[in-house]
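Colleague: using only what follows, build the 3D model:
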Amino acid sequence: MSQTKLSWSVPVALADIPDTGQRFDLVADEETRVQVANLAGLRALPRLEATFDVTRHGARGLRVKGHVAATVGQTCVVTLDPVENEIEESVDLVFTPPGIQSGMADSGDAMPVNLEPETVEPLIDDSVDLGALATEFLLLAIDPYPRKRGAKFEPPPVDDAKASPFAALAALKKGRNAKND
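Modeller: This is a model prediction of the structure:
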């Protein structure tokens, strides 16, 4: 079974996080930014950073809170000119072992029962990959239809009704009615 190599991988094990938590300031190197840019279909990715505070959540979970920041180079969908956009995306997720989702804590876990299902993720092999998490939040934050400031799409003017996409249907209907008469 082949595994896809992650563009940015920074695994953090549950056992390595002290009770007081730990801060991670991540800055992607040029090679990583090129790989993530290719994955995201970006023209360029000159900056990709993430800051996460990782704390224990109950006896067997982790909470990751922080933000992802990036400068993304894209192409304007209207003018086809290059544009750069700034991304700042907040992250606040809880990771628990697969059997302990949605607040169903096992014995010994001091886990709140009122977690929203969207904020609970599975903890795989007792670790969280902060690089993959940062990449995922970046991908979700990228504008799929970037526009240069002030760019507006102007449809071409229609001179007459014959240019309408429905003109062909109208002509067919007209010809059909003429045959029936």
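Colleague: lowest-pLDDT helix or strand in this structure?
Modeller: helix 167-180 (a mean of 71; mean pLDDT, DSSP states H and E).
Colleague: quick one: low-confidence parts of the chain?
Modeller: Where the chain drops to pLDDT under 70, the residues are 1-6, 100-118, 158-164, 176-181.
Colleague: mind jotting down where the strands sit in it?
Modeller: 11-13, 22-27, 44-57, 61-75, 82-96, 120-122, 127-129 (DSSP state E).
Colleague: of all the ones you listed, which one is nearest P165?
Modeller: Closest of these to P165 is strand 61-75, at 27.8 Å (criterion: CB to CB). Bear in mind the C-beta positions are built from the backbone N, C-alpha and C, glycine included.
Colleague: tell me the angle the closest one makes with strand 82-96.
Modeller: 170 degrees (axes from the mean of the first three to the mean of the last three CA atoms, to 10 degrees).
Colleague: so what does strand 61-75 touch, helix or strand wise?
Modeller: Judged by 3 or more CB pairs under 8 Å, 6 or more residues apart in numbering; DSSP states H and E, strand 61-75 is in contact with helix 30-40, strand 44-57, strand 82-96, helix 130-141.
Colleague: okay if I get these as a markdown table plus distance to V10?
Modeller: Shown next, in a markdown table, are the helices and strands packed on strand 61-75 (distance: least, CB to CB, whole Å):
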| stretch | distance to V10 |
| --- | --- |
| helix 30-40 | 10 |
| strand 44-57 | 9 |
| strand 82-96 | 13 |
| helix 130-141 | 4 |
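Colleague: R23: which of those is closest?
Modeller: Smallest distance to R23 across these (CB to CB): 5.4 Å, for strand 44-57.
Colleague: pairing partners for the closest one, with directions?
Modeller: Strand pairing for strand 44-57, using DSSP bridges, gives strand 22-27 (antiparallel), strand 61-75 (antiparallel).
Colleague: in a markdown table: the strands of the chain, plus distance to P156 and mean neighbour count.
Modeller: Formatted as a markdown table, these follow (distance: least, CB to CB, whole Å; neighbours: other CB atoms under 10 Å):
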| stretch | distance to P156 | mean neighbour count |
| --- | --- | --- |
| strand 11-13 | 53 | 15 |
| strand 22-27 | 46 | 13 |
| strand 44-57 | 31 | 19 |
| strand 61-75 | 21 | 20 |
| strand 82-96 | 23 | 16 |
| strand 120-122 | 47 | 16 |
| strand 127-129 | 48 | 19 |
